[in-house]
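S.K.: Okay, sequence plus prediction incoming.
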Amino acid sequence: MSDAAEILCERAQKGDVAAASDLVTLFYQRIFAYLRRLSGNDEDAADLTQKTFTRSWQSLASYQRRSSFSTWLHGIAHHVYLDWRRKRSVGDAQTDEWWETLAGNSRTPFEDTAERELARQLYRWVDDLDDEKKQTVHLHYYQNLTLNETAEVLGVAVSTVKYRLREALDFLRARSNETERTERKVV
Amino acid sequence: MNDTTIERILFHAPNPAAPPELLKRLQAGIALQPAKSGTQKTREWQSPLRRWFPALAFSLLLLSCAIMIAVQVNWSADLKRENAVLQASTANLAQLREQHLAFEKAAAQQDELAQLQKDNQELHALQAEVAQLRDLPSQIQRLQNENRRLATALTAPTPASGANFFDEAQNEAERIYCVNNLKQLGLAMRIWEGDNGNKYSTSLVAMSNELSTVKVLLCPSDKARKDYSTLSFGQFQDNMTSYQYVAQPDDERFPECITAYCPIHHNYLLGDGSVQTVDPAKVREMKKDGRLYLQQINSGTGQ
């Protein structure tokens, strides 16, 4: 996909609208998913996705391939989201129902009901993380970006990304263990 | 739950599906901008400078360091030379120290000598003062004797008058005061006469504007009229004065005639404004043409 994206990008830089259309088809789902998880509702996510692509077309001429197109696009989406958050000041959290519905409708490897319940809780706890760690988890785990790509998108060092992920995992593990202990007591 | 499980679950997070119309909106919103060739050229032109900037900066830093090191080496060499010169000049330091010690000792002795001389001079001065002080009791005794003698002389009655020295002085002072009063009267008479057609006043109180105070009209030796001195001219009357006022309106043409006199001190104010003090044993009053004159008892002429 990466090579195909780079070829399409090169063509789009030369003014090929069809190539740009193909780029949209290639990436809009991922970008929408990323922004949907962060923004909390479909309308805002759609608007933010549109802004992301509009800004990417404006900046496409200055794209110099220092990073992959996917990383570059995620960087734009990240900044579009930050601008939106700054204007909104308070973000909407995802509801449990949303995660449950999503997990129910999507194809996931969690066939077991208990594991699906655990995944749902885990996604909720990720939303409880502070903003920096949450962004890092979203980009690395949800968007499947590498550590280097995540660092480039966030504009921080790779070591910082590793540290944030470590902190996030510690937090999630602690929450999980705490929940397990509580359930045992109830039983 | 371990980290591997958590990471597996996170990596497989469900992806929310985009709305179906979003793709069309995004594709409709594609607005590609032509590449800016000018910017590219500028960047290409700038690129050598940008590329070489770190190397140039580092070279500049190295050059600065080299210059600093060279300057410091130069300073260090200068200091070493100065140190060598100083060490050479202090080769005979021990000898100089001994000389310095000897010099300091001599200076201390000289200071001590100067101090002793000063002490000696002070001692001589003190001895002279002691000698003077030894004479002091005898001088005090002599002065006390002199004081005693003078006090005795002052308080003892004089053989001529029978009164003591202070009484005589008091009397003399009162006489002079009386003369002064008569002179002021004469001056007041002259002023009054100038203002009133060259005629003398027939009353002393009438000249109140020309007199400063009623005390001028009272002889200090006239103790009976002493209380009148506190009166004002409005309360004062002619019969309260100590002086006999005998002036006639045209007396200014007769400078030797008596215009006023003090019967206590025998002070006479004459027509010319002068005051004469006479001895009643030698001079008497003489009336001529209605005016009083002074006349020697033995010769019959005025004084």
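M.R.: Received, thanks. Numbering: from 1, shown residues only, chains lettered A, B, ... in the order given.

S.K.: can we go C-alpha only for contacts and neighbour counts from here?
M.R.: OK.

S.K.: any low-confidence regions in the stretch 101-250 of chain B?
M.R.: Scanning the stretch 101-250 of chain B with the threshold set as pLDDT under 70 gives B:156-164.

S.K.: Would you map the helices across it?
M.R.: For the stretch 101-250 of chain B, the helices defined by DSSP state H, counting those that start in this stretch cover B:165-195.

S.K.: residue of it with the smallest distance to chain A?
M.R.: Residue nearest to chain A within the stretch 101-250 of chain B (CA to the nearest CA): B:L101, separated by 74.0 Å.

S.K.: Return the distance of that residue relative to B:Q115.
M.R.: For B:L101, the distance to B:Q115 (CA to CA, to the nearest Å) stands at 21 Å.

S.K.: Same check on B:I30?
M.R.: For B:I30, the distance to B:Q115 - CA to CA - is 112 Å.

S.K.: who has more neighbours, the two?
M.R.: With neighbours defined as other CA atoms under 10 Å in any protein chain shown, B:I30 and B:Q115 compare such that B:I30 has more, 19 against 12.

S.K.: Am I right that that one is in a helix?
M.R.: No: under DSSP: H, G, I helix; E, B strand; the rest coil, B:I30 falls outside any helix and is assigned coil.

S.K.: quick one: contacts for it?
M.R.: Taking CA atoms under 8 Å, 6 or more residues apart in numbering or on different chains, we find B:I30 in contact with A:17, A:20-21, A:53-54, A:57.

S.K.: will you turn the residues you listed into CSV that also has distance to B:N2?
M.R.: Output for the contacts of B:I30, formatted as CSV (distance: CA to CA, whole Å):
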residue, distance to B:N2
A:V17, 48
A:A20, 43
A:S21, 43
A:F53, 38
A:T54, 42
A:W57, 43
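
S.K.: Against chain B, how distant is A:S159?
M.R.: Noted for A:S159: a distance of 18 Å to chain B, by CA to the nearest CA, to the nearest Å.

S.K.: Can you point out the buried residues in the helix or strand hosting that residue?
M.R.: Per DSSP states H and E, A:S159 falls inside helix A:158-186. Under the neighbour-count criterion of 16 or more other CA atoms under 10 Å in any protein chain shown, helix A:158-186 has A:158, A:161-162, A:164-165, A:168-169, A:172-173, A:176 buried.

S.K.: how about the nearest residue to the residue of chain A found nearest chain B, chain neighbours excluded?
M.R.: Distances between chain A and chain B by CA to the nearest CA are smallest at A:Y141, namely 4.7 Å. Closest residue to A:Y141 apart from its sequence neighbours, by CA to CA, 6 or more residues apart in numbering or on different chains: B:F11 at 4.7 Å.

S.K.: Hmm, A:Y142 and that neighbour touching each other?
M.R.: Yes: counting by CA atoms under 8 Å, B:F11 touches A:Y142, with 5.7 Å between them.

S.K.: Comparing these two, which residue is more hemmed in?
M.R.: A:Y142 (21 against 16).

S.K.: For that one, what are phi and psi?
M.R.: Main-chain torsions, A:Y142, degrees, to the nearest 10: phi -70, psi -40.

S.K.: For chain B, which residues are neighbours of chain A?
M.R.: Within chain B, the positions near chain A by CA under 8 Å from any CA of the partner chain are B:1-3, B:6-7, B:9-19, B:22-23, B:25-27, B:29-36.

S.K.: Contacts only, for A:R164.
M.R.: A:132-133, A:136 are the contacts of A:R164 under CA under 8 Å, 6+ apart.

S.K.: ok, and the most crowded of the residues you listed?
M.R.: A:T136 (24 neighbours).

S.K.: With adjacent residues omitted, what lies nearest to the residue nearest the centre of chain A?
M.R.: Residue closest to the mean C-alpha point of chain A, counted by CA atoms, centre = their mean, is A:Y34 at 3.4 Å. Leaving aside its chain neighbours, A:Y34 sits nearest to A:Q143 (6.8 Å; criterion: CA to CA, 6+ apart).

S.K.: Distance check, that neighbour against B:I67.
M.R.: Applying CA to CA to A:Q143 and B:I67 gives a distance of 55 Å.

S.K.: Which one of the two is surrounded by more residues?
M.R.: Taking other CA under 10 Å, A:Q143 and B:I67 do not tie; A:Q143 has more neighbours (21 against 12).

S.K.: So what does the more buried one look like in phi/psi?
M.R.: phi -100, psi 0.

S.K.: Model confidence score at it, please.
M.R.: The score at A:Q143 is 92. That number is its pLDDT.

S.K.: can you check A:R30 too?
M.R.: With respect to pLDDT, A:R30 scores 93.

S.K.: Now do it against B:N15, distance only.
M.R.: 8 Å.

S.K.: Sweet, I'm off.
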